[in-house]
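Colleague: Build me a structure from this.
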Amino acid sequence: MTRPHRVHVIGTGLMGTSVALALRRRGVEVFLEDANPHHLRLAVGLGAGTPVDEGVRQPDQAPDLVIVGVPPAALGAVIAEALERYPGAVVTDLGSVKAAVLADVSARAPQWLDRYVGGHPMAGSEQSGPLAARADLFDGRAWAVTPHPRSRPEAVEIVEELARLCGALVVRMSSTEHDEAVALVSHVPQVASSVVAGLLTTASEGQLALAGQGLRDVTRIAAGDPSLWSQILSANAGPVARLLHEAAESLHRVAVALEKGETSEYAGREVRRFLERGVTGVRRLPGKHGKRPETFVSVTVLLPDRPGELARLFSDVSSAGINIEDVRIDHSPGAPAGLVQLAVHPDAVSPLLEALARHGWDVHR
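Modeller: A predicted model of the protein is given here:
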């Protein structure tokens, strides 16, 4: 398998810096470049790599892989420039839209297109910038690799190996298939989250005081950078618009059914049908490591709001030899304690309850 040895990362935001950190932990030599000198200094300070200098551009020090992690509007131009600057390197990117970028690169650098292979790690955060970067950001996550008909086989191999070095699971697909997929699993959820969060702007303080974890789950990603998301949505406008029309039609039918109220038995069945369809959809989502989802049991523990309590809880569970499959924390504002939901395999419930009781934890089931 082709393995990158010298990598040049252009763009040291959240994604570029996270890739650099992931590669550094695997012993890959990484050089960094960014038009924002502050971001570059922070990434270097985090240990993500060495700033690019003129020496890197010498033939014997040229990279074998260039990773472009700049905003969507600049991707095509920067990728084309990298293909020209490093004639011996494969170039990939971290952009969340692929078809438009491929078309732009094809127009700008058709003679070097065989060395370009698109990529998109399906990981991220509502936070941005190098300080939000993590070396483990891609562990166990899907990484879409989108070769085109002119891509060299060895170029595809090195990009797929990049994903594996970062701890990700490779999913190969075309640019068009990718854009249809991310419209469904990423872009429409972002719009939906933002729309729901926008309703909060006119809510009273009394209404917001009742907000629980469900609302926070739905609106968390609405905190993403509006400028970045405007570029992403514009670049994938067609697939996103089609799904939004479908979602809007479903919401309209639910609203009409609710307006009919209790006077219509049909209205109740219609609302329930949409709710049940949502349950079916959630159950189709992949489980851990992309495998078929398993059914876990949730055990709720009362967590005092004091420093070190969460670490103590995890330590007590770990000492009992129990693996936590998932965790959720629900903490109401002003309350002296929170609720931690520990998802475990059904066979682990009894020993977990015994361990929690032995260590004095208050458990609610």
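Colleague: all helices of this structure, in order?
Modeller: Ranges of helices within the chain are 14-24, 37-45, 75-85, 99-108, 153-165, 175-182, 188-199, 205-208, 213-219, 226-235, 237-260, 265-283, 309-319, 349-358, based on DSSP state H.
Colleague: what packs against the fifth one?
Modeller: Helix 153-165 sits against helix 14-24, strand 65-68, strand 90-93, strand 118-121, strand 142-146, strand 169-172, with contacts defined as 3 or more CB pairs under 8 Å, 6 or more residues apart in numbering; DSSP states H and E. C-beta coordinates here come from the backbone N, C-alpha and C atoms, glycine included.
Colleague: what comes into contact with it?
Modeller: Helix 153-165 is touched from outside by 1-4, 7, 19, 22-23, 26, 28, 64-65, 67, 90, 92, 114-117, 119, 121, 138, 143, 145, 147, 169-170, 172, with contacts defined as CB atoms under 8 Å, 6 or more residues apart in numbering.
Colleague: Only whichever of the residues you listed are buried, select them in PyMOL.
Modeller: Per 16 or more other CB atoms under 10 Å, the buried members of the contacts of helix 153-165 correspond to this PyMOL selection:
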select buried, resi 2+4+7+19+22+23+28+64+65+67+90+92+114+115+116+117+119+121+138+143+145+147+169+172
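Colleague: Can you give me the pLDDT of the nearest residue to residue 14 once chain neighbours are set aside?
Modeller: Nearest non-adjacent residue to residue 14, counting by CB to CB, 6 or more residues apart in numbering: residue 132, 4.8 Å away. Here, the pLDDT recorded for residue 132 equals 89.
Colleague: my guess is residue 132 meets residue 125, correct?
Modeller: Yes - with contacts counted by CB atoms under 8 Å, residue 132 reaches residue 125, the gap being 5.4 Å.
Colleague: So for those two, which residues contact both of them?
Modeller: residue 14.
Colleague: Quick check: chain neighbours aside, which residue is closest to residue 136?
Modeller: residue 167 (6.8 Å).
Colleague: do residue 223 as well
Modeller: residue 126 (4.2 Å).
Colleague: Hmm, the one you found is touching residue 226, no?
Modeller: No - using CB under 8 Å, residue 126 is not in contact with residue 226, being 11.4 Å away.
Colleague: Model confidence for the nearest residue in space to residue 122 that is not next to it in sequence, exactly?
Modeller: For residue 122, ignoring the flanking residues on the chain, the nearest one in space by CB to CB, 6+ apart is residue 142 at 4.4 Å. Residue 142 is assigned 93 on the pLDDT scale.
Colleague: Also the one 3 residues further on?
Modeller: For residue 145, the model assigns a pLDDT of 97.
Colleague: got it, and residue 292?
Modeller: We have a pLDDT of 52 for residue 292.
Colleague: With residue 214 instead?
Modeller: 87.
Colleague: ok, now how distant is the residue nearest the centre of the chain from residue 75?
Modeller: Centroid-nearest residue in the chain, with CA atoms, centre = their mean: residue 123, separated by 2.4 Å. Distance from residue 123 to residue 75, counting by CB to CB, to the nearest Å: 18 Å.
Colleague: Domain ranges for the chain, per the record?
Modeller: Domains of the chain are assigned by automatic domain parsing as 6-174, 179-283, 297-364.
Colleague: for the ones you listed, which one ends up most surrounded?
Modeller: Greatest average neighbour count among those goes to domain 6-174 (a mean of 20), per mean count of other CB atoms under 10 Å.
Colleague: Okay, now that one: how far is its last residue from its first?
Modeller: Start and end residues of domain 6-174 are separated by 27 Å (CA to CA, to the nearest Å).
Colleague: do the same with stretch 87-99
Modeller: For stretch 87-99, the first-to-last residue distance is 23 Å (CA to CA).
Colleague: how close does the residue lying closest to residue 123 once chain neighbours are set aside sit to residue 171?
Modeller: Nearest in space to residue 123, with sequence neighbours left out and distances taken as CB to CB, 6+ apart, is residue 141 at 4.4 Å. According to CB to CB, residue 141 stands 10 Å off from residue 171.
Colleague: isn't residue 364 right up against residue 337?
Modeller: No - in this structure, residue 364 is not within contact of residue 337 by CB under 8 Å, at 11.2 Å.
Colleague: shared neighbours of the two, anything?
Modeller: With CB under 8 Å, 6+ apart, residue 364 and residue 337 have common neighbours residue 302.
Colleague: For this structure, which residues score under the pLDDT cut-off?
Modeller: 1, 54-60, 262-264, 266, 287-294, 331-335, 365 (pLDDT under 70).
Colleague: on that earlier part again, and the helices of the chain as a markdown table, adding distance to residue 297?
Modeller: Output for the helices of the chain, formatted as a markdown table (distance: least, CB to CB, whole Å):
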| stretch | distance to residue 297 |
| --- | --- |
| helix 14-24 | 33 |
| helix 37-45 | 42 |
| helix 75-85 | 44 |
| helix 99-108 | 43 |
| helix 153-165 | 33 |
| helix 175-182 | 31 |
| helix 188-199 | 27 |
| helix 205-208 | 32 |
| helix 213-219 | 19 |
| helix 226-235 | 36 |
| helix 237-260 | 31 |
| helix 265-283 | 16 |
| helix 309-319 | 14 |
| helix 349-358 | 5 |
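Colleague: between those helices, which gets nearest to residue 52?
Modeller: Proximity to residue 52 (CB to CB) singles out helix 37-45 among the helices of the chain, at 9.1 Å.
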